[in-house]
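> Okay, here's the prediction I keep looking at, along with the sequence it came from:
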Amino acid sequence: MLAIPSATTLLVGLLALPSAVRAVFRDEVGHIDYHHQLLGLPQRETTFFHRPRKDDQGSLLYTLSDEGVLGAVNPGNGGVVWRQFLAGNSNNETAVRGGEGFARAGEGEGWVASAYGGEVHAWDAVTGRNKFWARFPGRVKDLEVMEMTESQRKDVLVLFEEEEKGETVLRRLNAADGSVVWEFREAIKDVPLQVSTNVEKVFVVFLKGTKGAYSLKVTTLDTLTGKRLDELVIGTKANLNDEEDIMLVGANSAAPIVAWTDAEHTTLRVNVLGLKTSQEFPLVDGAVSVEIHAPHLIQSQPHFLVHSRTATSNKGEVYHIDLKTGHVSKAYDLPLLPGKGAFATSSISANVYFTRITEDELILVSSQSHGVLGRWPLKNVDAKVSPVHAVSEVIRKAGADGNYAVRSAALTTDDEWALVRNGEVGWTRPEGLSGGVAATFAEIPESEELARSLEQEAHSNPIEAYIHRVKRHINDLQYLPAYLNNIPARLISSIAGTDVTSSTGKHSRDSFGFHKLVILATKRGMVYGLDIGNSGAVVWHKRAFQLPKAQKWDVKGIQVNESSGQVTILGANNDFVVLKTETGDVVSVKAPSPEATTQSTALVDTPVGMRLLRIGQKGKIGDLPIDQAPKQTVVTRGTDGELKGVTFIADGATAHESTSWIFSLPKDQRIVSVATRPSHDAIASIGRVLGDRTVKYKYLNPNTIVAAAIDDKAWTLTVYLLDTVSGQILSSAKYNGVDPTKSVECAMAENWFACSFFGQYTLRENSAQSLKGYQIVVSDLYESEEANDRGPLGDASSFSSLDPVDVPTGVALPSVVSQTYIMGGPISALQVSQTRQGITSRQLLAYLPESHGIMGIPRMLLEPRRPVGRDATPAEIEEGLFRYHPAIEIDPKSVITHERDVIGIKKIITSPAIVESTSLVFAYGVDIFGTRVTPSFLFDILGKGFNKVSLVGTVLALFVGVAMLAPMVRKKQINLRWSAPM
Amino acid sequence: MRIPTTLLLLPLLSGLTTALLQPQQPPQTSITIHIPPSAPLPNPAVLPPSTRATLNSLTKHHSSPLSTTNTFSFHNITPGTYLLDIHCHTHAFLPLRVDVSSSLKIEAWETFRGNDWGNKGEKVSVSPSPQSNHPSSSNDEIIILARMAGQKSYFMERSTFSVLTIFKNPVILLSLVSMGLFFGMPKLIENMDPEMRAEWEEQQKSNPMNALMGAASGQQSAGGMGNFDMAAFLAGSSGGNKEEKGGSGNNGGGSNNKKKR
């Protein structure tokens, strides 16, 4: 057995963990946590139905989304079969800005090919395992499957643009193992657009010329060798202004075409690839966008559909191509219908069908004639559907009547992905929840009426208030019958351990504080309200504003005002939106301006309460009215990345900003991470009682931030602890051999902070030894090195960062105790759990980007004071310290997401509940995940493990026992009295 | 992630063409990691598709998905010393150290997290691929066998209520034994022969400790030493007067003695 020694070391490492790790119980899954397994918005070109097994009837729905997630969805129930997060797994040498993804499947093949960034993958269509992958320099511009090759297999064509060298490369990859069959290189600086094939040729379409006066160039290649056969330049009569106006369709069909419109969308020009001439067709008046739908199969008839949308309606026109002459002729028109509408193409052998989804029905037509083959009104849909794009699968039912069955997966304008099966909505997936950029917890607002009457009571004289109160209580009696009615159901559910579902549909707070709302803003301009007391269900969704294509909502700040029940979201482009937290009603909104004006926002304390302060570019804030000026120092980033402390000086009715300090980094250093203490950071005890009953006092300066700066050339990381009032460096530490290309993140809470990075360096104390791996450094801050000593400040009730107490030594600096641990994998999105009073020990929550989970590292494990090189003494054990072991393996028991596959988490937020033991956790990014963590176990409420049935059973059994024994005992006592004494 | 331009210029294409175009670039090789069937995982085909392997070194990061043949393939690996991790949802794997020398010789060892990087564990077998998948690549592919540590268990077992667990408690066991004695002894004595019983009682009388215990349990056997007066015994008036009843308790008995004097 070879694996034994190392397995034992791992075991020892796992055993060294404290037993205090609280894992999830299996019966809590789905009860305390929830997870939305998302893909992102499906894209029009990369979504398709595909049969993963040639002889199997069942097909799956594949998509490569705008988030870079390739996934297979079961069209029957909408469940995810497999997912691959392409955008999150790129190798750093091919990391590509602006992810544009491509996905295709070969008809009858058991694989799906995808390209993202510079990588090309082929995946097993059923299992989602990789078939092959390859990466090449440059960026993928198009991917196509060659349906017909000289051999049995179907190959993959990939078009690359190598911008550095100004070259275009087309490669034909062997679909069996990913090896290159041939390569075609073009060194002319034309913009490659697309690759298309028909039976005997491969066409590469380029954009030639300069912006505003483009023409098209089509290069024809031999399928066997990749040699250039021909090159054609198609005149566009200077009508082609933008890459966006070109529609490239019909790859793989018998007659691939290229089509484009002028900027005003008045005419459509179509060129059948391989011909020099193009034909012109007029478009519907007032068209704003045009799409072309054509089959992707070589055996399909060469028909295509032009879908033009005006501002209020849409229309379809079907065209036929004569294969011999290449002449394009219009076959028939589909009527102009109101609403957005979407078309989808599907083919059964040679026949091509177009499915049209309108606001209220699903219509199926054949490409041959305009006769409607099937018409299904949309059922069980509350509002009018406005599909953006759709894919369809058409099945011709067996039998003489020749009926058709259609299922269509459509993306709606509300960012939902819905499957419509013969007019009935099969499932909807809330894909819009992906791409979260900001989120916050919000309390469920108390009813306004109650708040108002309470206020009234507070302001009137005691007798009146008392009478008012009694009246209010009498009035409340009307709810008593309903409450009493509810009791049996609540009792039963409480014994059975199921959740009480609110029957009224109204959200109300619960006594534990678990029932809250989460407001989530996504990059697509949508705002969602999620009910975390009800498995994270979407309560409301609102589009804040319609963003132009390819523009992302860059949210800089989000804040909930609990008293007014409103949430404010500030964006980078001087935009904002204020919504009601309970209903999502928009209170006020301002659409984004074209240029970014906001660097960041800060939550500041002003005379009118907590407020989000907008910090402009280069850290400028500007003058503020006196009542809106922050009371504290605001830390901003200057033009060269330096940190600035800004205070506001009152001058009449306005307050002027004034820089109080500037912290300039040494040359070559740039700040990669900044951490502050959370706004709710309750501290239960100001000191730590040691084993010998002495106390080490925590350094609890509220005005501290941690800034981690990296030197890209020297590969060093410097972590600064700054006083935000004076700008003074309280402590700094430098780490050698830190990888600047991997993520560096910091978190801070109470009197400690932690930073994680990838490091590779030789030890300072022993240069013969070196280390490599993902690391986390934890630093504790104390007032003094000594126990029972409060340092230079002593028992002073106040201190000033600007006015040092101890002149010879300057500002009272904290005593720092640090320790480094090696993690079992990379971690990101660091966050510290929060509880109401801070009595519960803390947990450092971190996303594991490789293992797709969230880990809760107990603070006890990260304790920097753990004894090194010796076992802990009894006094230290009493303190909760145990021997230092440098490695922290990812213990599955500490993974709060347990078996769930959570991908693409960008940020984790936490919030205290009413019960002290519990902290609410919400994570967003691609997926949505939420749970409750109890770092010191569930000590103040009964968990699911408390068996109410057995408790009631025991009480009942005792009662029965007593009832049975009582007469027996009485009888015995009487007998005793009456019997003669012995 | 921001990438220094020098890295972007690294050749990403394996094959002779690039090698000729960019002769200054370091050599590259391909590595394949294979997951063999093992005791914790007899069938590696059950591993989830999200399983990935990463090769990490300073400023280098390679990531590869799990293939249909239970392998991870890495292309364009430049010389260096790498940390190989396999990230899987269902199973834990041991970290390996993979060294690629400048002559593209590949060696792999087990490594121990938190230990000196030079502290190499057992050498992992490295073999050239029997049938190279990439005829185009000039370098032989190398196969490294991954080492599995075991299955991951995410959940805590809930302690379930069972009668057996109650009986396993030593306190309960002890009390059960004493209860058995408590109820069983009188029955046992009653069933004895009269002779044996007399003998036994005699024996009991001669042992004051037993008598005390018998008295404490208030059983019939108290007939023998039931009236034993502790205070009198301690005061030295041996024997005591048997006629006197000690019903009012030992203390009372003691005071009576005093009064008599």
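Sure thing, it's come through.
> Could you tell me which ranges of chain B sit under the pLDDT cut-off?
For chain B, applying pLDDT under 70 flags the ranges B:1-24, B:129-141, B:160-161, B:207-232, B:235-261.
> Who are the contact partners of the residue of the stretch 51-200 of chain B found nearest chain A?
Residue of the stretch 51-200 of chain B nearest chain A, by C-beta to the nearest C-beta: residue B:114 (3.1 Å). The C-beta positions use only the backbone N, C-alpha and C, and glycine is treated the same way. Each residue near residue B:114 by C-beta atoms under 8 Å, 6 or more residues apart in numbering or on different chains is listed here: A:13, A:773, A:821, A:822, A:885, A:886, A:887.
> gap between the longest helix that chain A contains and the chain center?
Taking DSSP state H as the assignment, the helix of chain A that covers the most residues is helix A:948-978. Counting by C-alpha atoms, centre = their mean, to the nearest Å, helix A:948-978 is centred 61 Å from the centre of its parent chain.
> can you check stretch A:551-562 too?
15 Å.
> and if you look at stretch A:348-363?
The answer for stretch A:348-363 is 34 Å, by C-alpha atoms, centre = their mean.
> In three-state terms, label residue A:717 for me.
At residue A:717 the chain is in strand, as set by DSSP: H, G, I helix; E, B strand; the rest coil.
> what is the closest residue in space to it that isn't next to it in sequence paired to in the beta sheet?
Among residues not flanking residue A:717 along the chain, residue A:738 sits closest, at 3.9 Å (C-beta to C-beta, 6 or more residues apart in numbering or on different chains). Under DSSP bridges, the beta-bridge partners of residue A:738 are residue A:759.
> wait, residue A:924 sits on residue A:907?
Yes: in this structure, residue A:924 is within contact of residue A:907 by C-beta atoms under 8 Å, at 6.2 Å.
> And the two? Which one has more around it.
Just comparing residue A:924 and residue A:907: by other C-beta atoms under 10 Å in any protein chain shown the higher neighbour count belongs to residue A:924, 29 against 17.
> circling back to that earlier point, list residues touching both of residue A:924 and residue A:907?
By the contact definition C-beta under 8 Å, 6+ apart, residue A:924 and residue A:907 are jointly contacted by A:436, A:439.
> mind checking the backbone torsions on residue A:304?
The phi and psi values for residue A:304, taken as degrees, to the nearest 10, are phi -140, psi 160.
> Make sure it is actually in contact with residue A:257.
Yes: at 6.8 Å, residue A:304 counts as touching residue A:257 under the criterion of C-beta under 8 Å.
> What helix or strand is the closest residue to residue A:355 other than its chain neighbours located in?
Nearest residue to residue A:355 in three dimensions, chain neighbours excluded: residue A:392, at 3.9 Å (C-beta to C-beta, 6+ apart). Per DSSP states H and E, residue A:392 falls inside strand A:387-396.
> Confirm that residue B:50 sits in a helix.
No: counting by three-state DSSP, residue B:50 falls outside a helix, being coil.
> if I look at it, how far off is chain A?
6 Å (C-beta to the nearest C-beta, to the nearest Å).
> how about stretch A:850-862: buried residues?
Buried residues in stretch A:850-862, counted by 16 or more other C-beta atoms under 10 Å in any protein chain shown: A:850-862.
> all strands for chain B, in order.
Secondary structure of chain B by DSSP state E: the strands cover B:29-34, B:52-57, B:60-65, B:71-77, B:80-87, B:91-93, B:96-100, B:106-110, B:123-124, B:126-128, B:142-145, B:148-151, B:155-156.
> And chain B, split by domain according to the record?
Domain segmentation of chain B under automatic domain parsing yields B:26-151, B:163-243.
> Counting by contacts, list what the top strand by length along chain A packs against.
In chain A, with assignment by DSSP E, the single longest strand is strand A:770-782. The helices and strands touching strand A:770-782, judged by 3 or more C-beta pairs under 8 Å, 6 or more residues apart in numbering or on different chains; DSSP states H and E, are strand A:716-723, strand A:729-735, strand A:752-762, strand A:815-823, strand B:80-87.
> among those, which is nearest residue A:216?
Taking C-beta to C-beta, strand B:80-87 is the member of those nearest to residue A:216, at 45.6 Å.
> Check whether that closest one comes near chain A.
Yes: contact between strand B:80-87 and chain A is present through B:81, B:83, B:85, B:87 (criterion: C-beta under 8 Å from any C-beta of the partner chain).
> Could you give the average pLDDT over stretch A:34-46?
Throughout stretch A:34-46, pLDDT has a mean value of 92.
> so what's residue A:550 up against?
So residue A:550 contacts nothing (C-beta under 8 Å, 6+ apart).
> Same question for residue A:334.
A:305, A:315, A:316, A:317, A:318, A:354, A:356, A:365, A:370.
> what do you get for residue A:48?
Neighbours of residue A:48 in contact, by C-beta under 8 Å, 6+ apart: A:61, A:62, A:63, A:103, A:104, A:105, A:391.
> Would you mind giving those residues as JSON lines with pLDDT and secondary structure added?
Below are these laid out as JSON lines (pLDDT from 0 to 100; DSSP: H, G, I helix; E, B strand; the rest coil):
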{"residue": "A:61", "pLDDT": "94", "secondary structure": "strand"}
{"residue": "A:62", "pLDDT": "95", "secondary structure": "strand"}
{"residue": "A:63", "pLDDT": "94", "secondary structure": "strand"}
{"residue": "A:103", "pLDDT": "91", "secondary structure": "strand"}
{"residue": "A:104", "pLDDT": "90", "secondary structure": "strand"}
{"residue": "A:105", "pLDDT": "90", "secondary structure": "strand"}
{"residue": "A:391", "pLDDT": "93", "secondary structure": "strand"}
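> quick one: the helices in the stretch 101-250 of chain B?
Ranges of helices in the stretch 101-250 of chain B, per DSSP state H, counting those that start in this stretch, are B:163-168, B:170-190, B:194-206, B:208-216, B:222-225, B:230-235, B:250-260.
> picking up where we left off before, downstream of the strand holding residue A:392, the next helix or strand is which one?
strand A:404-412.
> ok, and what's touching that following strand?
With contacts defined as C-beta under 8 Å, 6+ apart, strand A:404-412 is touched by A:41-42, A:47, A:49, A:61, A:73, A:75, A:342, A:344, A:353, A:355, A:357, A:362, A:364, A:373-374, A:376, A:385-397, A:417-422, A:426, A:431.
> Buried members of those residues into ChimeraX, please.
Those of these that count as buried under 16+ other C-beta under 10 Å are selected in ChimeraX with:
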select /A:41,42,47,49,61,73,75,342,344,353,355,357,362,364,373,374,376,385,386,387,388,389,390,391,392,393,394,417,418,419,420,421,422,426,431
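> could you measure residue A:331 against residue A:756, distance?
62 Å (C-beta to C-beta, to the nearest Å).
> Just want to know which of these two has more residues nearby.
residue A:756 (26 against 15).
> correct me, but that one touches residue A:830?
Yes: Residue A:756 is in contact with residue A:830 according to C-beta under 8 Å; the separation is 6.6 Å.
> Next, count neighbours for the closest residue to residue A:582 other than its chain neighbours.
Once flanking residues are discounted, residue A:582 sits nearest to residue A:445: 5.3 Å by C-beta to C-beta, 6+ apart. Neighbourhood size, residue A:445 [other C-beta under 10 Å]: 20.
> Might you report the residue contacts of residue A:445?
Contacts for residue A:445 (C-beta under 8 Å, 6+ apart) come out as A:562, A:565, A:581, A:582.
> Touching, the first one and residue A:442? I think so.
Yes: at 7.2 Å, residue A:562 counts as touching residue A:442 under the criterion of C-beta under 8 Å.
> So for these two, which sits in the more crowded spot?
Taking other C-beta under 10 Å, residue A:562 and residue A:442 do not tie; residue A:442 has more neighbours (23 against 14).
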